[in-house]
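> coords below, sequence missing:
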């Protein structure tokens, strides 16, 4: 049986949202945390979130789409903390979510690819005893460099602020 529901992930003065696509038929499945892009100005959940979750769900994954905080003074590492909280939620609730906690992955697109890559490489910067470390990452056209002339400058201005 398929279930869809949303969970709020409070994080300091901000709150992230996690859309849960859970199929509880057939045992514990691998999980995919889907992190949409949007240049850290918005989160493109329709194109790079929900459709991706449905595609992975059809391939045997339970999926979780993260709408992380953008704008309103939320600067890095706020988004990394929210992605870490999403991983923590999935692993801590693995039994109820019909998820294999040893097979929790993330996929990210554009700025979401940056966030997924940050989660996979900087998980230890957020004190969660490793529960937030993904077992693997898929980075789709990620924003990976802040090098002037090569990067998507708007993503880094939105992520860090003009002063930084």
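Arrived safely, thanks for sending. What you see is a predicted model, and the numbers here were worked out from it, not measured in a lab. Residues are numbered from 1 along each chain as shown.
> can you name the next helix or strand after the longest helix seen in the chain?
Assignment by DSSP state H gives helix 78-92 as the longest helix of the chain. Downstream of helix 78-92, the next assigned helix or strand under DSSP states H and E is helix 94-97.
> now the element after that next one, going C-ward?
Downstream of helix 94-97, the next assigned helix or strand under DSSP H and E is strand 99-109.
> okay, the angle between that next one and helix 78-92?
With axes from the mean of the first three to the mean of the last three Cα atoms, to 10 degrees as the basis, strand 99-109 and helix 78-92 are set at 150 degrees to each other.
> how long is stretch 31-39 end to end?
One end of stretch 31-39 to the other measures 25 Å (Cα to Cα, to the nearest Å).
> can you offset everything so residue one is 6?
Fine by me, first position is 6 from now on; the one you just mentioned is stretch 36-44.
> quick one: that stretch to chain centroid distance?
Relative to the centre of its chain, stretch 36-44 is centred 5 Å away, using Cα atoms, centre = their mean, to the nearest Å.
> that one - what's its average pLDDT?
Mean per-residue pLDDT for stretch 36-44: 97.
> do stretch 115-124 as well
Averaged across stretch 115-124, the pLDDT comes to 96.
> before we move on, the earlier item: name the residues of the longest helix of the chain that are buried.
Under the neighbour-count criterion of 16 or more other Cβ atoms under 10 Å, helix 83-97 has 83-96 buried. C-beta: built from backbone N, CA, C; applies to glycine.
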